[in-house]
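*Asks:* Attaching a predicted model along with its sequence, questions to come.
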Amino acid sequence: MRKLSLFLLIPFLLLAADAHATIFGSVHGIVHDPQHRPIAGARLTLRAGHSALTFSVVSDREGAFEIPSVPLGDYIVTVTDAGFADLQQTITVNSDSTVMLHLQLTLATVKQSVTAQTTADSTNIDSVTPQTLIDRIDIAQTPGADRTNSLAMIIDYVPGAYMTHDMLHMRGGHELSWLIDGVSIPDTNIAANVGPAIDPKDIDTLEVDRGSYNASLGDRTYGVFNVVPRTGFERNRDAELVLTAGSFYQTNDQLSLGDHTEKFAWFASLNANRSNYGLQPAVSAPLHDAENGYGGFTSLVFNHDPANQLRLAAQARADYYQIPQDPDPNDWQSTVLGYATSQLYDGEHENDSYAALTWLHTFSPKTVSQLSPFFHFNQADYISKPNATTADETGFYTGLQSSISTTIANNSLSAGIYGYAQHESDYFAATFNDGSNPPVNTNPVITAGVEETFIEDKYKPLTWLTLTAGERQSHFSGAITEDALYPRIGIALQLPKLNWVFRAFYGHFYQPPPVTTLSGSLLNYANTNGLSYVPLHGERNEEHQFGVQIPYGGWLLDADTFTTRSRNFLDHQNIGESSVFIPVTVQGALIQAWELTLRSPRLWHFGQAHLSYSNQLAQQIGPVTGGAICDPATDPDACYVAPGYSALDHDQRDTLNVGFNGNLPYRIFGSFNVYYGSGFSNGYQDPPSPYSGPYLPSHATTDLALGKDFGERYTVSITASNVSNTRVLLDNSLTFGGFHYNDPRQLYAELRYRFKF
């Protein structure tokens, strides 16, 4: 199957000899006069909404123009021509999509001095993937979103996204993918790390893709985060210093510098953070919960000539987290857990670095090429001093991403390859102070690899209809070998005049498994506790989704409903009574939901309003099928699993966020976000737990921020998260440090100082 897929791909590679870059879209259109006659020689300038990144073209004799390889984000189109009034229009460019513009210029009058301004319809007829776009202004103004460890930029804007046991969950699952500058950064160590993939302050635009992926985007079913990093196009030998101070002795600081010329742009930053509150605590009052971290990021863009561009994105950072304690060894939480976390002084050191180099070549406005080698290093070193427990997971990934796309008649054809080699070292050692078991010491070294190819066609027989069909082939080799060749089909239909876009999708995904294993004395210890080890198989998902986009006066309502059926659903399980995880797979899962987002016009004078809502039911069925499984599986006492479906860990039926980032007089800005959650699934319903129902209590929090610009150099703001200090139990399963309560109230002040260098 793998050889056949590669063979079918070769003719297409020879035909196009180009590639497809996943952070880019294109802008096409026609300029005409009031009588709909084409205007030749009109100059169009496409300028990024928040930077100096600019594209400029001249319309041809048919009035047509094309701008390929435009990074996703918000832009202002300006059209000028002698004898006509200037026209400005705001647009949003999505990845892998084309913005089609029909720009009508009006005749200029003697007294005319203003520029006509309009807002383009923000629906996307080219994609069946529901998407949420967040830019750096959203991140800077959303309460708490610009802190290094914060994921508020996702949680506040994306339906079905929430944090529990310090890990991001979305649409019912954990397996989420980060694309940095369009390059997918691999990481198979689920639940091993809690550190950030990128500091939010280093992000220019974030596109969140929520299922219904085209064949080029990958297989991480539950969410893909496509990051366009800062590039320096918003800087002209400018530097910015960010300093914060607040409750829990927290500080979150960054120094960034950037500059650009016509051909070259660069951005670099250094950051450091610390707080006495890091991870979600085991009780309402945080104890032994400090964290600190530091890192650096750089982005380089070099335009050698109009046809060739080189891009580099790289990061290195280190983080440390204390594992929270429960100070009372006699409370009900400790009784359920079976051990006193107040006696533990665990901590985790994390290191992460990556680099992705992209060569983008433009053969023509219809043909663009990309080649991206990448590297990723990831380490999570867990240490428990009193128990002398150490777990050190270290992974190295090296790989290549390349793809191809071209437009032939009404067909947008794309194809490509993605692959990496993985070297994993999983050291584990434990000393049993009570003498209940001999010391455990194991250090398996595992190698694995992933090879993937895809091919896809977007066919537009009519301007209001897009048909998508593609397939993605995957080959995984490690402790096991697996192959998958899965189809993906979709349709998007736009109603004339109303411009409503209806979309539908059906497809399959394959997610390669983690390579963590049990061996040696650790496996012997598992055997003595009624467990054995079975190599993990990849998760296989089937998804169908229906949605609609409704624009009105610059506002955009996006609603969808989806069903995901999973085999070998990937989850995690603890090693004994510890906070050390190993991945497992469950026989199956069924996730059903409907989602809603509402956004006001982007680049709106008054600010921007946002709403996201998810109604979700995530269920699992059957026993653990891979990883540390019950042994023997036929033991009715130790291995019994009730028939039928039950709530999946950390499922929440209703999740709502409502917020507004507003611009006030005198250069004052203010923002708020109100969050409501109906309560997560209850992992322990028996006494002494006070919660006997299937779900834990509902909860609501409010975050506020208020700031002011003083001239061009200074910005001062104050942020308050969880203003009412509402505390509620989110999770009563044994994960990092036991149980988890939501974050307490936090107050901090921030100073931004901009200067030349």
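*Replies:* In hand now; what should we look at? Residues are numbered from 1 along each chain as shown.

*Asks:* Go ahead and flag the most central residue of this structure.
*Replies:* The structure's the chain has its C-alpha centroid closest to Phe225; by Cα atoms, centre = their mean the separation is 2.7 Å.

*Asks:* Could you find the closest non-adjacent residue to it?
*Replies:* Taking Cβ to Cβ, 6 or more residues apart in numbering, and ignoring the residues beside it in sequence, Phe225 has Trp178 as its nearest neighbour in space, at 5.1 Å. No exception for glycine: its C-beta is placed from N, CA and C like everyone else's.

*Asks:* same check, this time on Gly182
*Replies:* If the residues on either side of it in the chain are set aside, Gly182 comes closest to Ile23, at 3.8 Å by Cβ to Cβ, 6+ apart.

*Asks:* With Gly25 instead?
*Replies:* Distances taken as Cβ to Cβ, 6+ apart put Val93 closest to Gly25, at 4.2 Å, once the chain neighbours are dropped.

*Asks:* List the contacts of that neighbour.
*Replies:* Counting by Cβ atoms under 8 Å, 6 or more residues apart in numbering, Val93 touches 25-27, 70-75, 99.

*Asks:* all helices for the stretch 301-450 of the chain, in order.
*Replies:* Across the stretch 301-450 of the chain, reading from the start of the chain, the helices by DSSP state H, counting those that start in this stretch fall at 332-337.

*Asks:* ok, back up a step: wait, the residue nearest to the centre of the chain touches Gly182, no?
*Replies:* No. With the criterion set as Cβ atoms under 8 Å, Phe225 and Gly182 do not qualify as a contacting pair; they are 11.7 Å apart.

*Asks:* which residues are in contact with both of those two?
*Replies:* Going by Cβ under 8 Å, 6+ apart, no residue sits against Phe225 while also sitting against Gly182.

*Asks:* from memory the residue nearest to Phe225 sits against Ile198, does it?
*Replies:* Yes. Counting by Cβ under 8 Å, Trp178 touches Ile198, with 7.3 Å between them.

*Asks:* Mind listing the shared neighbours of these two?
*Replies:* Shared contacts of Trp178 and Ile198, defined by Cβ under 8 Å, 6+ apart, are found at Val227.

*Asks:* wait, what's in contact with Glu543?
*Replies:* Here Glu543 is in contact with 211-212, 221, 505-509, 562-565 (criterion: Cβ under 8 Å, 6+ apart).

*Asks:* Out of those, which end up buried?
*Replies:* For the contacts of Glu543, burial is judged from neighbour counts taken by 16 or more other Cβ atoms under 10 Å, and it is met by 211-212, 221, 505-509, 562, 564-565.

*Asks:* Export the residues you listed to JSON lines and append columns for secondary structure, distance to Gly470 and pLDDT.
*Replies:* Formatted as JSON lines, the buried ones among the contacts of Glu543 follow (DSSP: H, G, I helix; E, B strand; the rest coil; distance: Cβ to Cβ, whole Å; pLDDT from 0 to 100):
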{"residue": "Gly211", "secondary structure": "coil", "distance to Gly470": "15", "pLDDT": "91"}
{"residue": "Ser212", "secondary structure": "coil", "distance to Gly470": "12", "pLDDT": "93"}
{"residue": "Thr221", "secondary structure": "coil", "distance to Gly470": "16", "pLDDT": "84"}
{"residue": "Phe505", "secondary structure": "strand", "distance to Gly470": "11", "pLDDT": "97"}
{"residue": "Tyr506", "secondary structure": "strand", "distance to Gly470": "12", "pLDDT": "97"}
{"residue": "Gly507", "secondary structure": "strand", "distance to Gly470": "9", "pLDDT": "96"}
{"residue": "His508", "secondary structure": "strand", "distance to Gly470": "11", "pLDDT": "96"}
{"residue": "Phe509", "secondary structure": "strand", "distance to Gly470": "12", "pLDDT": "95"}
{"residue": "Phe562", "secondary structure": "strand", "distance to Gly470": "19", "pLDDT": "97"}
{"residue": "Thr564", "secondary structure": "strand", "distance to Gly470": "19", "pLDDT": "96"}
{"residue": "Arg565", "secondary structure": "strand", "distance to Gly470": "20", "pLDDT": "96"}
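
*Asks:* nearest to Tyr525, of those?
*Replies:* Using Cβ to Cβ, Thr221 is the member of these that lies nearest Tyr525, at 33.3 Å.

*Asks:* wait, what's in contact with the closest one?
*Replies:* Taking Cβ under 8 Å, 6+ apart as the contact definition, Thr221 lies against 171, 173, 175, 211, 509, 511, 539, 541, 543, 564, 566.

*Asks:* Confidence-wise, which of these comes last?
*Replies:* Comparing pLDDT over the contacts of Thr221 singles out Glu175 as the least confident position, at 85.

*Asks:* Which helix or which strand is home to that residue?
*Replies:* Remark: Glu175 resides in no helix or strand, with elements defined by DSSP states H and E.

*Asks:* who does Asn252 bridge with?
*Replies:* According to DSSP bridges, the partner residues bridging Asn252 are Asn273.

*Asks:* I meant to write Ile489 there.
*Replies:* Under the criterion DSSP bridges, Ile489 forms beta bridges with Ala469, Tyr506.

*Asks:* Can you get me a residue count around it?
*Replies:* Per other Cβ atoms under 10 Å, the neighbour tally for Ile489 reads 15.

*Asks:* so it touches Ala469, yeah?
*Replies:* Yes. Distance between Ile489 and Ala469: 5.0 Å, which falls inside the contact criterion (Cβ under 8 Å).

*Asks:* what touches both of these two?
*Replies:* The contact sets of Ile489 and Ala469 do not overlap (Cβ under 8 Å, 6+ apart).

*Asks:* How much space separates the residue nearest to Gly25 from Leu72?
*Replies:* With the distance defined as Cβ to Cβ, to the nearest Å, Val93 ends up 5 Å from Leu72.

*Asks:* wait, which of the contacts of Val93 is closest to Gln254?
*Replies:* Checking the contacts of Val93 against Gln254 with Cβ to Cβ, the nearest one is Gly73 at 21.3 Å.
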